[in-house]
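A.B. asks: Quick one, what's the 3D model for this:
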Amino acid sequence: MKVCMVTSSYPKYPGEVTAPFIEEIAAGVAERGHEVHLLLPGHPDLRRGAVERGVHLHPYRYAPCRRLAIWGYAESLAADVEVRGRAYLAAPLALPAGLLALLRLTRREGFDLLHAHWVIPNGPVAALAAGRRALPLVISLHGSDVYLPERKGWLRPIARWTFRRASAITACSADLARRAIALGAPAGRLTVIPYGADPQTFHPADPAERERTRAELGLAPGEPFLLAVGRLVRKKGFDVLLQALPQVIREAGPVRLVIAGRGDLHEELRALAGQLGLGDRVTLAGAIERDRLPALFRSCDVLVVPSRHDERGNVDGLPNVVLEGMASGAAIVASEVAGIPQVISPEVNGLLVPEKDPAALAAAIVRLLREPPLRVRLGQAARKRVEEELNWPAVARQFEQVYIQVAGGGR
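C.D. replies: Residues are numbered from 1 along each chain as shown. The predicted model follows:
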């Protein structure tokens, strides 16, 4: 089958951390023997070959200057809450350029179907091209694309129009699917396909590697190590984690928290850590290349995922960090929101706590720090679930089944 995917975000170079799940989905489908082409906006930092991991990449130009090269790549939203002003200026350039590039590509290549990632902004462009070329359309929902029309009424008719032109819709969590239905997505066309992780890249550590990584972080022997990973935006809940940390220290002794990620809230979180007297206990590590992340997952004592609804109601779909931590055999404490309860079963392969509750979060962290056998048991069960079902080959098979349903056997 010949598939054309449309996206607005993608890792800008191998190992970069922008929307790695899009690359894994595309590469997984290609690995199953399908010819995958991917249309994406150009970016000044984009350094990819014409074909990588079996995926044909087609960047298109739209911005006359670097200042307006802000379409996609997690740069259009400020703290994942509000559209940046410059994104409104870029939209009249990027949307027509994307549609023209897609029409040219579909005329030249002759695809069996189109697959748009994010109903907003890529869905309408793909729907117009699908109608022009008489191709079935699959739309995949990832989180912010549902939040935006929920928040901005003028986007709702656009999302509804797009949903009705899709042959199939996928969502990474049941929560996201429910919200899409409320926006007008036909329930009968929706399939929930959770993300996966690569159990070869993310796997438990041997003791020597663990100690080496901890020494590189400057940890004292035996010092408890808490890890949190994600963009520094409100919905990741890192402010709640910082508020929980004084209680953790009081009840479990000194710990080190490393928050790996970049974003608009870096200075705000640094200031909060200072106000709480945590300056020497918290490291805001900035962006970490993906090839360094597995060692961090393998070396932490507790992986904390304090996701929450932000003040505008935005929330994660299903954070990749949860799945990658599971594959690494980490002991995980996470918020009971969005798609997280689909993959974390309380007391089986992790612990869940209410969102925005620093006391409950601290209590769960302290429990894991005090009970090493529980950490081992939860981590082993989490790893097993990734090996059996929550991995990228399994995800690719599910997308393949959706393709077959909407396009038949293809060519």
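A.B. asks: Can you name the residues in contact with stretch 119-133?
C.D. replies: Contacts to stretch 119-133, defined as Cβ atoms under 8 Å, 6 or more residues apart in numbering, come from residues 6-8, 91, 94-95, 98-99, 102-103, 106-107, 111, 114-116, 135-137, 139, 141, 145-146, 148-149, 155, 158-159, 161-163, 165-166, 169, 180. Any C-beta I mention is one placed from the backbone N, CA and C, and that applies to glycine too.
A.B. asks: could you flag which of the residues you listed are buried?
C.D. replies: Using 16 or more other Cβ atoms under 10 Å as the burial test, the contacts of stretch 119-133 include 6-8, 91, 94-95, 98-99, 102, 106, 111, 114-116, 135-137, 139, 141, 145-146, 148-149, 155, 158-159, 162-163, 166, 169, 180 as buried.
A.B. asks: In helices, which of the residues you listed fall?
C.D. replies: Counting by DSSP state H, the buried ones among the contacts of stretch 119-133 place 91, 94-95, 98-99, 102, 106, 145-146, 148-149, 158-159, 162-163, 180 in helices.
A.B. asks: Of those residues, which is the nearest to Q405?
C.D. replies: Each of those was scored against Q405 by Cβ to Cβ, and F163 proved nearest at 16.8 Å.
A.B. asks: Quick one: neighbours of the closest residue to the closest one other than its chain neighbours, just the number.
C.D. replies: With sequence-adjacent residues excluded and distances taken as Cβ to Cβ, 6 or more residues apart in numbering, F163 is closest to A185, at 4.2 Å. Under the neighbour criterion other Cβ atoms under 10 Å, A185 is assigned a count of 25.
A.B. asks: now do P96
C.D. replies: Neighbourhood size, P96 [other Cβ under 10 Å]: 12.
A.B. asks: ditto for G110
C.D. replies: 11.
A.B. asks: Locate the residue nearest to V282 when sequence neighbours are not counted within the secondary structure: which element?
C.D. replies: Closest residue in space to V282, ignoring its immediate chain neighbours: A273 at 4.4 Å, by Cβ to Cβ, 6+ apart. Here A273, judged by DSSP states H and E, is contained in helix 266-275.
A.B. asks: so T170 makes contact with L141?
C.D. replies: Yes - using Cβ atoms under 8 Å, T170 is in contact with L141, at 6.9 Å.
A.B. asks: Find residues that contact each of these two.
C.D. replies: By Cβ under 8 Å, 6+ apart, no residue touches both T170 and L141.
A.B. asks: any weak-confidence spans in the stretch 1-150 of the chain?
C.D. replies: Counting by pLDDT under 70, the stretch 1-150 of the chain has low-confidence residues at 76-86.
A.B. asks: One more pass at 80, please.
C.D. replies: 67-70, 74-89 (pLDDT under 80).
A.B. asks: again, but for the stretch 301-411 of the chain
C.D. replies: 408-411.
A.B. asks: 50 - rerun?
C.D. replies: For the stretch 301-411 of the chain, the stretches with pLDDT under 50 are 411.
A.B. asks: mind listing the strands for it?
C.D. replies: Using DSSP state E, counting those that start in this stretch, the strands of the stretch 301-411 of the chain run over 302-305, 332-335, 351-353.
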